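Enquirer: the following block contains a protein sequence and its predicted model.
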Number of protein chains: 2
Amino acid sequence: MRAPTRPPKRYEALADEIAASIRAGTLRPGDRLPSVRQAAASWQVNASTVFQAYYRLEARGLVRAQARSGYYVAAAAALAEPEDTSEPDTDSIAVDVGERVFAILKATMRRDVVPLGSAFPSPLLFPLARLAKTMAATVQKLDPRASVDHLHQGSAALRRQIALRYLIDGLHVDADDLVVTNGAMEALHLCLAAVTRPGDSVVVESPTFYAALQALEQRGLRAIEVATHPREGIELAALAEVLERQRPSACWLMTNFQNPLGSLMPEAKKRELVALLARHGTPLIEDDVYGELYFGARRPAPAKAYDRDGLVMHCSSFSKCLAPGYRIGWVAPGRHLQTVARLKLSTTLTASTPAEAAIAAYLQQGGYDRHLRKLRQSLAAQQDAMLAAIARHFPPATRATRPDGGYFLWLELPPGVEAMDLHRRAAAQAISVAPGPIFSSRARFERGLRLNYGHPWDEAMEAAVAALGRLASG
Amino acid sequence: MRAPTRPPKRYEALADEIAASIRAGTLRPGDRLPSVRQAAASWQVNASTVFQAYYRLEARGLVRAQARSGYYVAAAAALAEPEDTSEPDTDSIAVDVGERVFAILKATMRRDVVPLGSAFPSPLLFPLARLAKTMAATVQKLDPRASVDHLHQGSAALRRQIALRYLIDGLHVDADDLVVTNGAMEALHLCLAAVTRPGDSVVVESPTFYAALQALEQRGLRAIEVATHPREGIELAALAEVLERQRPSACWLMTNFQNPLGSLMPEAKKRELVALLARHGTPLIEDDVYGELYFGARRPAPAKAYDRDGLVMHCSSFSKCLAPGYRIGWVAPGRHLQTVARLKLSTTLTASTPAEAAIAAYLQQGGYDRHLRKLRQSLAAQQDAMLAAIARHFPPATRATRPDGGYFLWLELPPGVEAMDLHRRAAAQAISVAPGPIFSSRARFERGLRLNYGHPWDEAMEAAVAALGRLASG
C-alpha cells in the first residue's frame, strides 16, 4: 500500500495562516484583506500564490470577493468553530438507540420537509439522466450468465474501474482485493460480522454516525465511544488507552469528513492511527463514503493508504457521489477478504447486476471526474451559503464546524438551547434537523445539531435556517 | 388471511391413483395404460377426464404418449421414490458448516462445468431481453427522489404489483404489509434477525437448504433439525415434540418444493402447521421462492394463507422466476413488519431502485403469467428428461424424488455409494453436484444427492447424468 504524501503547497500554507487569523479574531467579518500586491510583498510570494490562497479561502466560505474592491472576511467567518474535544465515558455500553433514532429519522424522510436533517445530498446534483442512458444501453447487452459469474466478489468490470480510481489516488488496491456490496452500509455490516462476535466491543468516534450505533445494536455489540476533535477526528492518546485496557475487537471510524462533525484526520495522524492499531492487531473498519467530496486540492488519503498488515477494511460507495438508488458500494477488506466475500454470498449473494454494469460502463466512458468537480463546487458553495445564513440568524454564541468536504456541518448551540427540543419545534414547521443525541449511545451532545448542506441553496433553505435560528434564539 | 381451498378435481384424483399403482409396481415401465375408452368405462368418468389425468401423468414424467398407440409407463417411472422420513438427532446444535459448504459451492460456480449442482435455473429460461427493454424505458423516467422515497419498505409500485399477485392466489396481503429486499435471502436473514437472538435455536427441515444453515451460523444460532418426509415435508408430530421440549425461537421451513427434497406440504398439513405454531406463539419464516414453479393445476398456497396471528413471515423473490441478477425479493413479515423494515433500513437501506422500477413495470405490462406457464412447462419437461436419464444410467437401487414443481430433485444413492466421493470424482470430470452432507449441520445424508434440472436438456446434460451414473455404479 503506497501512500500519497507531499508537503503543503505555499498557497495552502498561506491560506491556512489567514484562516487562523480569522479564527483567532485578528481578522473580523467585514475586514478587507490586504490587496494582492500588498500581500505578495509582505509575505514574499508572487501574486498568483496570493490569488490561489484567496481563492481557497473563498471556497471555504471565509472570505468573499467584491467586484473592483477586493476580498473581505465573510459574515460566516464570524461563526466560531467548536474547539473542544469530546469527553465521552469510555466504558463500553450495550447499544440501544433504535427506537430513538428511527423516530427522528422518520421525520427527515417526508417529501414536504426542508431536509436539513437528511442523510442524503440532493439527487438533483447527480448525473442521473446520463447514468440512466448508460444503464439503458448496457442492460440490453448484459450476459444472462452475469449474475452467476458475479457471485464471488461482484462484477469484474466494475471492480476493475474501482481499482483504477484507487490507483489514481496513489493506492494499490487490485480488482481482486475488492468485494462489491449493496451500498457501503452493507459493506460496513459485513466487516463487523467478519471481525466481531456478539458481546464484543467496538470503538467509534464521539459523536458518531447513528447508523454505526444501529449496526452495533443489531449485532449485539458494545460501543466504546472515544474522544474526538471536531476538526481532526479521534484522539489517538485516548484511543491508545482504550486499546490497551479494553481490547476492542475493531474500530469503526470515518477518517474523511466524518458524519456528523465533518472532521478530517490529518495525514500524519492517519499514519499514526494505522501504526497504533497494527501494534494491537485491531482491525479498522474505515467508512470513507465522503472522501471524494473534498473541497481542497486533492482527495484526502484514507487510512488504508498506510496499511501494511491488511488490517484496514476500506468501505465506500457511489451513493453519495453518483447514484444513491443504485445501491452499489464496495469494500477492500484486506486480510479478511475471503470471510467478507463469503458473508456477502450467504446474505445477499450479489449486488443488482444491471446497476453494477451501468456504473462500470459510466466510469469507463469518462466524465465521472468532471461530474465530481462540479459536485464539489456546488457543495462548497452551499456550505458557504449555509454558514453565512447561520451567522445571520443564529444566536452569536453558536459554533459551527467548517468541514473541508462532505455535506454535513455540526453546530454547537449556545448553553440553554436543547437540540431535541429544537428538533421537535422545527418538525412542527416542516423542517428536519438531526439532533446531537442520536449520535451517541448515551444520548449526549444535547446542544449538538447536524445540518445537511447537500441541497441547492434557495429561498426555502434560507428561510428554514432563519426559522431554526429564531427557534434557537428562544 | 383467506385461504384457497377446494377438493381435488376428479382427473387429479384419477392421476394420483394411477401414480400410486406405478409407485407400487402394479404398473411397470413399458406397460401400456388402458385406452381412454376402456379407462372411462372402468372408472366411470368421461373421456376428457381420462385425457386430463393422462396428460397430468405425462407432465409428471410417469407416462409417455406414443403416436397412434397410446400411453405407456415411462422408463423414469421405474425409479423408486424415497419413502423414509428422515430421523435426525433433534438436539440443538451450534452450526459450523461454512468451510465445508463454500468449498463445494465453489465448484458449482465455474462456467465450464455441467451445473447439476447449481442452485440456479438457467438464465436462458428467463425473458431477460424483454425485461432489459422495460428497464431501459423505465430507468430514464425514474424520479430522482425515488431512492429516498423507497427507504421505508421499498417501491410502492412494486409492492402494489406483488400484492396483486397475492390477491390472484387468494391471499389478502396489502402493499403496506410488504418490505422489498435484496432477494429472498436478505428477507430470510432479516426475519431471523427480527425474531431471534444469538444462542437461540431455530427449527429447520432435515435435510435443509444449506443457506439456512449458513444463516444460522452467521447469527450464532443453533439448529434443530426435524424429521422430514421426502414428499410431504416436515413431520408435525416430531415438530410438536420439539416445540414443547426445546422452545425454539422460530421455524425456517420451505413448504412448497423444498430445497433439496422437492417436497410439497399438503394444504391440510400447512393448516395444521400454522395452528400448531400459533399454539406455541412460534414464528414461521416461510421460504417460498419456488411456489410459482408448480407443475400442477394451480399455485400451492403457502402456510401464510392460514395465518391469523401474523406469525408467518412469508419470503419470496423474482430470482427463481424472472430475474436472478436484479436481486429483488420481498417479505410479508406479519406482526414483525416494523422490525423487519427497520432492520433493512439500517443494513442495506433499500433494493436497487432501477431494478425495482423495471420489475414493477414488467409486471404491470402483463405477460408474466405467460412467461411462467412456459417456464413451468420447460422445467417439467426437463425433470422428465432427467428422471428418464437417471433411470437409464444409475444403479437400479437408486431412488429419486419426483417433485411437483421447482427445479431440484433428490437422489438416494444405493448403499455403499458416498455422495461426497461422487462429488469429488464428478468435479474431476467437470460436473457439479450438491452432495447430501451440505444439507445437514451434522453432515448426514451421506447417500443423498441434489440434482438441478433447471437447465435445458441437451446432449451434455445426458452425458453428464450418464457419467454420474457410471461413477455411482462403482
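Expert: Now that the structure is in, tell me what you want to look at. Everything quoted here is computed from the prediction, not taken from an experiment.

Enquirer: pull the contacting residues for residue A:226.
Expert: A:88, A:90, A:203-206, A:234-235, A:238-239, A:242 (C-beta atoms under 8 Å, 6 or more residues apart in numbering or on different chains). All C-beta atoms are positioned from the backbone trio N, CA, C, and that covers glycine.

Enquirer: quick one: the strands in the stretch 1-150 of chain A?
Expert: Per DSSP state E, counting those that start in this stretch, the stretch 1-150 of chain A carries strands over the ranges A:63-66, A:70-73, A:93-94.

Enquirer: tell me which of these sits nearest to chain B.
Expert: For those, distance to chain B was read as C-beta to the nearest C-beta. The smallest value, 12.3 Å, belongs to strand A:93-94.

Enquirer: just checking, what packs against the closest one?
Expert: If you count contacts as 3 or more C-beta pairs under 8 Å, 6 or more residues apart in numbering or on different chains; DSSP states H and E, strand A:93-94 packs onto strand A:222-229.

Enquirer: what helices or strands is the next helix or strand after the strand it packs on leaning on?
Expert: Sequence order places strand A:233-234 as the next helix or strand after strand A:222-229, per DSSP states H and E. When contacts are defined as 3+ C-beta pairs under 8 Å, 6+ apart, strand A:233-234 packs onto strand A:222-229.

Enquirer: over the strand it packs on, what's the mean pLDDT, rounded is fine.
Expert: Over the span of strand A:222-229, the pLDDT mean works out to 97.

Enquirer: so how far is it off the chain centroid?
Expert: 17 Å (C-alpha atoms, centre = their mean, to the nearest Å).

Enquirer: who does it pair up with?
Expert: Sheet partners assigned to strand A:222-229 using DSSP bridges are listed as strand A:93-94 (antiparallel), strand A:201-206 (parallel), strand A:233-234 (antiparallel).

Enquirer: nearest to residue A:415, of those?
Expert: Closest approach to residue A:415 among the strands paired with strand A:222-229 (C-beta to C-beta): strand A:201-206, 19.7 Å.

Enquirer: touching the closest one from outside, list them.
Expert: In contact with strand A:201-206 (C-beta under 8 Å, 6+ apart) are residues A:86, A:88, A:92, A:192, A:196, A:212-213, A:216, A:221-228, A:233-234, A:239, A:242-243, A:246-254, A:258, A:261, A:440, A:444.

Enquirer: try it again with 7 Å
Expert: A:86, A:88, A:92, A:196, A:212, A:216, A:221-228, A:233-234, A:239, A:242, A:246, A:248-254, A:258, A:440 (C-beta atoms under 7 Å, 6 or more residues apart in numbering or on different chains).

Enquirer: what packs against the helix or strand following it?
Expert: Following strand A:201-206 in sequence order, the next helix or strand is helix A:210-218 (DSSP H and E). Contacts defined by 3 or more C-beta pairs under 7 Å, 6 or more residues apart in numbering or on different chains; DSSP states H and E place helix A:210-218 against helix A:98-108, helix A:183-195, helix B:337-347.

Enquirer: taking helix B:337-347 as reference, get the angle to helix A:210-218.
Expert: 120 degrees (axes from the mean of the first three to the mean of the last three C-alpha atoms, to 10 degrees).
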